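Visitor: Sequence and predicted structure, then a few things I'm wondering about:
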Amino acid sequence: MAPPRRTLPSPIQIARRNAISKGLLLGQRKWLYIGGALWTARIIRRVFGKDAEIVTIEKMHPGEWMSLRTITPPSRKERKAAKSARSS
C-alpha cells in the first residue's frame, strides 16, 4: 500500500523549487548555493544509502502464507573477522 499523498510540499521541496527558479533562472547566488547543497546531499544519500535486498519473488495462491524476517546486521567483531578473512 502506498503512503498517503501529502497535500503541502515539504520545506526541502520548497527550497529545491526556489533554488531552481531563483538560483538558476534569476541568478540569485544565495539560492544557487542552497540548491547546490541540497542536490549534493541528495546525491550523497542515494550513492551511500542502503538498498533493499530482494531475496525472492514468488506468486502467492489463496491459503498460502509468508513469513518476513529482518536480517540482523553483523556485529563489529564479525565485520572485522570477515574483512581479515577476505584479505588473507
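Guide: That came through fine.

Visitor: Let me see the contact set for Glu53.
Guide: Contacts for Glu53 (CB atoms under 8 Å, 6 or more residues apart in numbering) come out as Ile71. All C-beta spots, glycine's among them, are computed from the backbone N, C-alpha and C.

Visitor: Quick check: phi and psi on it?
Guide: Per-residue torsions, Glu53: phi -100, psi 120 (degrees, to the nearest 10).

Visitor: Ok, Met60 next?
Guide: As for Met60, its main-chain torsions (degrees, to the nearest 10) stand at phi -100, psi 140.

Visitor: okay, it: pLDDT?
Guide: Predicted confidence (pLDDT) for Met60: 92.

Visitor: what about the residue of the chain most remote from its centre, which SS state?
Guide: Within the chain, the residue lying farthest from the chain centre (CA atoms, centre = their mean) is Gly63, at 34.7 Å. Three-state assignment for Gly63 (DSSP: H, G, I helix; E, B strand; the rest coil): coil.

Visitor: and it, how far is that from Ile43?
Guide: From Gly63 over to Ile43 the distance is 46 Å, taken as CB to CB, to the nearest Å.

Visitor: Over to Ser21?
Guide: Noted for Ser21: a distance of 20 Å to Ile43, by CB to CB.

Visitor: With neighbour numbers in mind, choose between those two.
Guide: When Ser21 and Ile43 are compared for neighbours, Ser21 comes out ahead with 13 against 10, by other CB atoms under 10 Å.
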